[in-house]
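Novice: Pasted the sequence and its predicted model underneath.
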Amino acid sequence: MLSLRVRPPTSFDFRRFNVRDLERRWRLSRDCFLSFSPKFEENRGVRFGVKSSKSEVSFTAAEEEETLPEELQPELMPKHVAIIMDGNGRWAKNRGLQPWDGHRAGVEALKEIVELSGKWGIQVLTVFAFSTDNWIRPRIEIDFLFSLFERSLKSEFQNLAKNNVRISIIGDSSKLPKSLLRVINEVEEVTKNNTRLQLIVAVGYSGKYDVLQACRGIAQRVKDGEIEVEEIDERLIEEELETNCTEFPYPDLLIRTSGELRVSNFLLWQLAYTELFFAQELWPDFGRSGFIEALTSFQQRQRRFGGRKS
Amino acid sequence: MAELPGQIRRMSGGISQLIEQIYGFSRRCLFRVISMGPIPSHLAFIMDGNRRYAKKHGLEDGSGHKAGFSALMSMLQYCYELGIKYVTIYAFSIDNFRRQPEEVQSLMDLMLEKIKSLLEKESIVHQYGIRVYFIGNLALLNDQVRAAAEKVMKATAKNSRVVLLICIAYNSTNEIVQAVKKSCINTSDNMEAYGNDKHEDRDSDIEGTDMENQEKRIQLVDIEENMQMSVAPNPDILIRSSGETRLSNFLLWQTGNTQLCSPASLWPEIGLRHLLWAVLNFQRNNSYLEKRKKQL
């Protein structure tokens, strides 16, 4: 069986990412084509594919990994997973590479996780791409990050659209470059009716900023006479937060990589009852096995929400 | 011969006192050594696992919480000896009201008893000069507990050495909602006052209404100063016992950059070693965080 566990690559191994990427794109395109076949049945978490065709035989080994692993139970899968993708810079530094190589490797890791989430029945995946605190980084790194984001969106969104993935972007878009904003609007518009997985990317986002803009929205509504001050409650704030673009705004599980034990101002309000998982690996190394470990840990937890399980 | 058991008892009492004093002395020496590095100024605790502790040791239900209370007293003593100025504890959440009425009532009775004991002369409050705050939606408590809490807050208002914040009938989302309400009220009051001033002072309106609208918009500081927890800085470390890693609607706004610790021990089993481990980890990460704070 093919293993997707990424070994810590040497700088020579960098080409591996491109090869895997091509293979994955081929599989995605093939599966998309097959979905128009009358014999095709899609079940959540169960592999794609027409059983009879001989040309598929060489790929069955790859398809096995698309089913849910044994350690995970389908009924306990979280609906919404949030990820803080930390550690790209350190990963690059450990290998003597530049920070942008780390970010590129991070994008590859993200693609893998998005694919797995779609297959394993997770409905919303929120990732922390760029925080308001990250504006202090060197300008050259910020420019690279935005151009990488733009390129990734352009190259991947056809695939994601075909795989029924909806993309939403949250955060303060006022400081983003105009070309990126155009691509974002286009991507959001094209994918807005997709239903299988919603990928929310937080760019220029911070939890406090989100609550603040919700508060301003509410203040404006109070000023316009739409609501009274006494009517302000949790539900009203929830409606105004930027995560109102999804049916499941509250993450069930938050994963932070690179071993830091902090939330760093991500999704403040929404994390009230979220299970937190801190992974030791750096983000580019996280991959499938790290994801399974996080999900297994989540499935073993007892969630009581302040009440009692007697 | 009859004096012998009495003598032995006195001797063993004396020995245990001596051991306690040696232990206290070595603990204070250890704290001196640790204080060479940066010490957190604010520690927060989620005291989880009391009932599981009672079940584990086959005790009756209420005694888990009583054991938890004595664990809390020891932790407070260690924190204040170490020089930590602010300690916050999550005593009772608004969600906990959903538990069985008998349990809620017994918890309320226990809290009333302990709050009243804080006013006694021998209590830890007087020993360390603690100023006590009760944070939360106190209107949800019964009259007796609320009255006792307000009495303690008033009685300790003049203390300034160290601060204890007890979160009772508290939810972070509730705290944020209250702060948002107050900010909205303040903004509309300011708008009215501004409207009145405008009529009197037309000449100063040369800059344009856009900029003035910007200033009148709610800012982050407006919300923050209306938070009940604004009396203390943000926590440096949050310790949740019993191994669960979640915030459970506690200090969501304030724990953006807080180091989170979740030792596996249940709350009554928490000890000095967990505190030391948390503080040492804090010291390890502190230089990086200080650098980031300066940059921001």
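Specialist: Looks like it arrived, so ask away. Numbers count the residues shown, from 1 in each chain, chains lettered A, B, ... in the order given.
Novice: Residues of the stretch 1-150 of chain A that sit close to chain B?
Specialist: Neighbours of chain B within the stretch 1-150 of chain A, by CB under 8 Å from any CB of the partner chain: A:Asp133, A:Ile136. Backbone N, C-alpha and C define where each C-beta goes, glycine included.
Novice: the strands in the stretch 1-150 of chain A, which residues?
Specialist: For the stretch 1-150 of chain A, applying DSSP state E, counting those that start in this stretch gives strands covering A:80-84, A:124-131.
Novice: partners of the longest one, with directions?
Specialist: On the basis of DSSP bridges, the sheet neighbours of strand A:124-131 come out as strand A:80-84 (parallel), strand A:197-205 (parallel).
Novice: can you redo these as TSV with mean neighbour count, distance to B:Tyr170 and mean pLDDT?
Specialist: As requested, the strands paired with strand A:124-131 are exported to TSV (neighbours: other CB atoms under 10 Å in any protein chain shown; distance: least, CB to CB, whole Å; pLDDT from 0 to 100):
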stretch	mean neighbour count	distance to B:Tyr170	mean pLDDT
strand A:80-84	25	24	95
strand A:197-205	22	27	92
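Novice: now these in CSV, with distance to A:Leu125?
Specialist: Converted to CSV, these look like this (distance: least, CB to CB, whole Å):
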stretch, distance to A:Leu125
strand A:80-84, 5
strand A:197-205, 5
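Novice: secondary structure element for residue 288?
Specialist: Using chain A. Assigned by DSSP states H and E, A:Arg288 belongs to helix A:287-299.
Novice: Switch to chain B, please.
Specialist: Secondary structure (DSSP H and E) places B:Tyr288 in helix B:272-295.
Novice: sorry, back to before: in TSV, list the strands of the stretch 1-150 of chain A along with distance to B:Asp143.
Specialist: Rendered in TSV, the data for those read as follows (distance: least, CB to CB, whole Å):
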stretch	distance to B:Asp143
strand A:80-84	41
strand A:124-131	44
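Novice: what comes up buried for the one helix or strand B:Glu113 maps to?
Specialist: Per DSSP H and E: B:Glu113 is located in helix B:101-117. Using 16 or more other CB atoms under 10 Å in any protein chain shown as the test for burial, helix B:101-117 gives B:Glu103, B:Leu107, B:Met108, B:Leu110, B:Met111, B:Leu112, B:Lys114, B:Ile115.
Novice: Does anything pack onto it? Which helices or strands?
Specialist: helix B:61-82, strand B:86-93, helix B:143-155 (3 or more CB pairs under 8 Å, 6 or more residues apart in numbering or on different chains; DSSP states H and E).
Novice: got TSV for those, with mean pLDDT, distance to chain A and mean neighbour count too?
Specialist: Shown next, in TSV, are the helices and strands packed on helix B:101-117 (pLDDT from 0 to 100; distance: least, CB to the nearest CB, whole Å; neighbours: other CB atoms under 10 Å in any protein chain shown):
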stretch	mean pLDDT	distance to chain A	mean neighbour count
helix B:61-82	89	11	18
strand B:86-93	94	5	23
helix B:143-155	92	19	16
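Novice: Pipe these into JSON lines and attach distance to A:Leu160 per row.
Specialist: Formatted as JSON lines, these follow (distance: least, CB to CB, whole Å):
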{"stretch": "helix B:61-82", "distance to A:Leu160": "49"}
{"stretch": "strand B:86-93", "distance to A:Leu160": "40"}
{"stretch": "helix B:143-155", "distance to A:Leu160": "54"}
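Novice: Which of the strands of the stretch 1-150 of chain A sits closest to B:Lys55?
Specialist: strand A:80-84 (32.1 Å; CB to CB).
Novice: Need the phi and psi values for A:Pro78.
Specialist: phi -70, psi 150 (degrees, to the nearest 10).
Novice: Could you report the neighbour count for residue 172?
Specialist: Since you didn't name a chain, this refers to chain A. 16 (other CB atoms under 10 Å in any protein chain shown).
Novice: please go with chain B instead
Specialist: B:Ser172: 26 neighbours (other CB under 10 Å).
Novice: Likewise for B:Ile15?
Specialist: So B:Ile15, with other CB under 10 Å, has 10 neighbours.
Novice: quick one: it and B:Ile22, what's the gap?
Specialist: Here the criterion is CB to CB, to the nearest Å. By it, B:Ile15 lies 11 Å from B:Ile22.
Novice: what do you get for A:Asp143?
Specialist: Distance from A:Asp143 to B:Ile22, by CB to CB: 62 Å.
Novice: circling back to that earlier point, mind checking how far the following helix or strand past the helix holding B:Glu113 is from the chain centre?
Specialist: The first helix or strand that comes after helix B:101-117 along the chain, using DSSP H and E, is helix B:124-128. Chain-centre distance of helix B:124-128: 16 Å, with CA atoms, centre = their mean, to the nearest Å.
Novice: what does the average pLDDT come to for helix B:124-128?
Specialist: Averaging pLDDT along helix B:124-128 yields 82.
Novice: same thing with stretch A:278-294?
Specialist: 93.
Novice: Need the residues that contact it.
Specialist: Contact with stretch A:278-294 is made by A:4-6, A:8, A:65, A:69, A:71-72, A:85-88, A:90-91, A:94, A:102, A:105-106, A:108-109, A:112-113, A:116, A:253, A:255-261, A:277, B:245, B:260, as judged by CB atoms under 8 Å, 6 or more residues apart in numbering or on different chains.
Novice: So what would you say the end-to-end distance of that stretch is?
Specialist: For stretch A:278-294, the first-to-last residue distance is 8 Å (CA to CA, to the nearest Å).
Novice: Touching the helix holding B:Tyr288 from outside, list them.
Specialist: A:133, A:136, A:260-261, B:27, B:30, B:34, B:37-40, B:43, B:75, B:78-79, B:82, B:236-237, B:239, B:241, B:257, B:259, B:261, B:263, B:265.
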